[in-house]
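Trainee: this is a predicted model, with the sequence first.
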Amino acid sequence: MQTYILGIESSCDDTSAAVICNDVILSNVTAGQDVHRNFGGVVPELASRAHQQNIIPVIETAIQRANIRKNQLSAVAFTRGPGLLGSLLVGASFAKAFSLGLNIPLIGIDHLQAHILSHFIRNKELTNPVPEFPFLCLTVSGGHTQIVLIRDYFDMEVIGQTIDDAAGEAFDKSAKIMGLPYPGGPLIDKLALEGDPSRFTFAKPNIGGLDFSFSGLKTSFLYFLRDELKKDPGFIEKNKNDLSASIQATIVGVLMSKLAMALEVTRKLSPVGKFLDVAIAGGVSANSGLRRALEDARDRNGWNIFIPPFEYSTDNAAMIAMAGYFKFLKGEFGSQSQVPYPRAKGA
Ligand code: KG4
Ligand code: ZN
């Protein structure tokens, strides 16, 4: 049976719509929002307004590109949270009206679960491997940093998380300190390609267990640059590649050492004592340094790794449609009275 789901994502500053047929994506359309560039971060009020402007054209394009008619859709799935409330409300309200208008079920999706479930999207040939349960996922975005143990599609447990800044924030705040525009993560990644990662060292956070802390790193970077700028006001400009490579290597190093620890701790869950499969998800999973580090660990330690394609790393509706399909199969539909939630529910 062909099940067509429309997915809608509007939790932060990307308006996205996608159509999935069972577990194969037919279209995935995203409109970004340049209005935040000069503000050094996302301005919630402006984000809601831009979603309101973009949502209809983005959805129309997604349905057109999928080459289906609206009345072929089996359900509409939307991001319920976590995210900016005003932004979430735009997607939720549209999805409710659409579900009423077409008389199809409405499915509310958790954004963080959807990032993880993006690993189950199949290519048209259905040949790409997908992770085996139970597996681990390092979810790293602008708002979250978590290590999640996934036992089944919707049976997820957060086993480690940040106690302060998220990894994406560590990238973005470091970039801001260097005078780079928002979002700085992709810019640091680009500058780092031409830099020496061992040129500068910064204090690594010292926090036990599987939790993370990034706020100290940001402060250490800030103080280091403040001291250097006193000696040479052109220090950042002259060293921007090495600075980017060094801060990126520090953040990636922290993520990788906690992931290695988590794989060791969860080894007992594998029937044959192997490492569990390991995936990465969220905006920072687009980082080329993190991707390389993971590939290295695969080659050196035999990790079975899953890295999402770039279009499913940062915010996208394909992952919402994918999660929607799994809920559709379970018959888990939401009511017209469900409301968005701004904070994480703990995966
Ligand atoms: O998942 P996402 O698109 O939105 C949230 O749910 O937060 O993640 C956005 C975050 C931003 O902090 C952005 O700087 C970071 O992901 N990011 C990157 C890269 N691409 C996006 N960070 C480092 N390197 C990248 N290539
Ligand atoms: Zn996200």
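Mentor: Now that the structure is in, tell me what you want to look at. Ligands and ions are numbered 1, 2, ... in the order given.
Trainee: would you mind listing what in the chain touches ligand 1?
Mentor: 12, 141-143, 168, 171-172, 183, 185-186, 189, 282-284, 286-287, 314-315 (C-beta under 6 Å from any ligand atom). All C-beta spots, glycine's among them, are computed from the backbone N, C-alpha and C.
Trainee: those residues also near ligand 2: which ones?
Mentor: 141, 315 (C-beta under 5 Å from the ion).
Trainee: could you measure from residue 218 over to ligand 1?
Mentor: With distances taken as C-beta to the nearest ligand atom, to the nearest Å, residue 218 is found 13 Å from ligand 1.
Trainee: please apply the same query to residue 344.
Mentor: 11 Å.
Trainee: let's see the pLDDT reported for the residue nearest to that residue when sequence neighbours are not counted.
Mentor: Counting by C-beta to C-beta, 6 or more residues apart in numbering, residue 344 lies nearest to residue 82, which is 4.7 Å off, once chain neighbours are set aside. Looking at residue 82, its pLDDT is 96.
Trainee: and residue 13, by the same measure?
Mentor: 88.
Trainee: equivalent analysis for residue 346, please.
Mentor: So residue 346 comes in at 54 (pLDDT).
Trainee: and if you look at residue 273?
Mentor: In this prediction, residue 273 has a pLDDT value of 88.
Trainee: how about the strands in the stretch 151-300 of the chain?
Mentor: Per DSSP state E, counting those that start in this stretch, the stretch 151-300 of the chain carries strands over the ranges 155-161, 277-281.
Trainee: deepest of those strands, which one?
Mentor: strand 277-281 (a mean of 25; mean count of other C-beta atoms under 10 Å).
Trainee: who touches that strand?
Mentor: Strand 277-281 has contacts (C-beta atoms under 8 Å, 6 or more residues apart in numbering) with 115-116, 118-119, 131-132, 135-140, 259, 263, 290-291, 294, 303-308, 313.
Trainee: and that strand with ligand 2, contact?
Mentor: No. Residues of strand 277-281 are not located near ligand 2 by C-beta under 5 Å from the ion, the shortest gap being 8.3 Å.
Trainee: what about residue 321, neighbour count?
Mentor: Residues lying near residue 321 (other C-beta atoms under 10 Å) number 37.
Trainee: what about the strands in the stretch 1-150 of the chain?
Mentor: 4-9, 15-21, 24-31, 75-81, 106-110, 135-140, 145-152.
Trainee: quick one: check stretch 83-94 for contact with ligand 2.
Mentor: No. Applying C-beta under 5 Å from the ion, one finds stretch 83-94 separated from ligand 2 by no less than 8.2 Å.
Trainee: what does this protein have sitting close to ligand 2?
Mentor: Residues of the chain lying near ligand 2 (C-beta under 5 Å from the ion): 141, 315.
Trainee: on that earlier part again, mind checking which of the contacts of strand 277-281 are buried?
Mentor: 115-116, 118-119, 131, 135-140, 259, 263, 290-291, 294, 303, 306-308, 313 (16 or more other C-beta atoms under 10 Å).
Trainee: mind listing which of those are in helices?
Mentor: 115-116, 259, 263, 290-291, 294 (DSSP state H).
Trainee: farthest pair within those?
Mentor: Maximum pairwise distance in those, criterion C-beta to C-beta, is 19.3 Å, between 115 and 263.
Trainee: ok, back up a step: just send the strands of the stretch 1-150 of the chain back as a markdown table, with distance to residue 44 too.
Mentor: A markdown table is the format used below for the strands of the stretch 1-150 of the chain (distance: least, C-beta to C-beta, whole Å):
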| stretch | distance to residue 44 |
| --- | --- |
| strand 4-9 | 16 |
| strand 15-21 | 14 |
| strand 24-31 | 17 |
| strand 75-81 | 14 |
| strand 106-110 | 20 |
| strand 135-140 | 22 |
| strand 145-152 | 21 |
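Trainee: the closest residue to ligand 1 within the stretch 201-347 of the chain: what's it in contact with?
Mentor: At 2.0 Å from ligand 1, residue 283 is the closest residue in the stretch 201-347 of the chain, using C-beta to the nearest ligand atom. Applying C-beta under 8 Å, 6+ apart to residue 283 gives the contacts 140-142, 168, 183, 185, 313-315.
Trainee: do that again at 7 Å, thanks
Mentor: 141-142, 168, 185, 313-314 (C-beta atoms under 7 Å, 6 or more residues apart in numbering).
Trainee: quick one: which of those is most hemmed in?
Mentor: residue 185 (27 neighbours).
Trainee: residue 20 contacts residue 326, correct?
Mentor: No. Under the criterion of C-beta atoms under 7 Å, residue 20 is not in contact with residue 326, lying 10.4 Å apart.
Trainee: so for those two, which sits in the more crowded spot?
Mentor: residue 20 (29 against 21).
Trainee: what count of nearby residues applies to the nearest residue to residue 244 once chain neighbours are set aside?
Mentor: Once flanking residues are discounted, residue 244 sits nearest to residue 191: 3.7 Å by C-beta to C-beta, 6+ apart. As a burial measure, residue 191 scores 21 neighbours (other C-beta under 10 Å).
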